[in-house]
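Trainee: what shape does this take:
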Amino acid sequence: MERLIVLLEIVMPANMLVFLEKYIPAWRDSVWKLKRRFMLWLHGVVAAVCRLAILSCCVCILYWLLLSIAMGGWNLFQHTMIGQVFRSNVSPKLYEVINDLLVDRDLLYLSYVVVGHVLVVSLLLGAVVQLLALRRFFHQARGVIIYSLWAILCAKVSIGHLANAVALDTSTAFYLILPPVMAIYGTSFALCEKIFPELNFLLLIRVWLNIKRNVDIREAAKRSCKK
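Mentor: Numbering: from 1, shown residues only. Okay, here's the model as predicted:
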């Protein structure tokens with residue numbers, strides 16, 4: 001830390017250094033506190049990134065196992081009498097959709113694509129929600145219903161590109177992507193909270209008014225001193 005302060009003293013213009021020594025004599029302590037806060041922030045961001053990466057890998061593996069179990073059950077169902085009746089009389093279209101999803105695809109690659117889309121979209125949505133200060137008012141410390149609505153919103157945003165990527169209709173893509181969204185989006189929002197600030201426009205207006213008021217007070221004081 002001492003090296004950083006010495007470097008600042010060398011790089012800093014002489015007039016600025018004199019100003020700091022005169023009006024902010026404890027600026028070196030402020031630099032130390034700023035570095036400590038930055039390291040704490042960086043530690044929190046790295047921990048959140050690692051948490052999200054581990055969660056995404058686990059969700060991808062578990063989703064692949066879930067799809068594999070569903071494929072095994074579907075293969076058994078196909079060879080039963082009920083499966084034959086379902087194929088021919090009940091819903092041939094649904095039969096073909098399920099068969100295309102579970103039998104004709106690489107389930108590991110499908111899980112990877114689905115979780116990847118969820119991760120990207122949830123991070124983008126989390127960044128927007130954090131910047132607009134919506135997370136504080138409409139997501140943080142809310143109930144299960146609100147969390148479910150946010151998950152549905154994230155899934156709705158994701159299904160368009162996912163449907164094109166895996167060649168599925170939007171309704172099938174929605175039900176396919178909803179379970180990973182429920183597992184991942186909350187951790188993605190938590191990471192975005194640590195990275196991005198809140199652009200609270202009411203707070204910015206209040207800060208601007210305070211600055212303007214202080215400037216007016218200083219100008220009035222200068223005018224009174226001249227008189």
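
Trainee: so what's Tyr112 scoring on pLDDT?
Mentor: Tyr112 carries a pLDDT score of 92 in this model.

Trainee: setting the sequence-adjacent residues aside, check what's closest to it.
Mentor: Closest residue to Tyr112 apart from its sequence neighbours, by Cβ to Cβ, 6 or more residues apart in numbering: Cys60 at 5.9 Å. Backbone N, C-alpha and C define where each C-beta goes, glycine included.

Trainee: how about Leu107?
Mentor: With sequence-adjacent residues excluded and distances taken as Cβ to Cβ, 6+ apart, Leu107 is closest to Leu67, at 4.4 Å.

Trainee: that neighbour contacts Ser111, correct?
Mentor: Yes. Using Cβ atoms under 8 Å, Leu67 makes contact with Ser111 at a distance of 6.4 Å.

Trainee: the two: who's more crowded?
Mentor: Ser111 (22 against 19; other Cβ atoms under 10 Å).

Trainee: just list what the helix or strand encompassing Asn99 packs against, helices and strands only.
Mentor: Counting by DSSP states H and E, the element that carries Asn99 is helix 92-102. Under the contact criterion of 3 or more Cβ pairs under 8 Å, 6 or more residues apart in numbering; DSSP states H and E, helix 92-102 touches helix 27-78, helix 170-195.

Trainee: tell me which of those helices lies nearest to Leu101.
Mentor: Ranking the helices and strands packed on helix 92-102 by proximity to Leu101 (Cβ to Cβ) places helix 170-195 first, at 6.9 Å.

Trainee: tell me where the model's unsure across this protein.
Mentor: Within the chain, the ranges that satisfy pLDDT under 70 run 1-32, 141, 200-227.

Trainee: go again using 50 as the cut-off
Mentor: Within the chain, no stretch has pLDDT under 50.

Trainee: deepest-packed of the helices and strands packed on helix 92-102, please.
Mentor: helix 170-195 (a mean of 20; mean count of other Cβ atoms under 10 Å).
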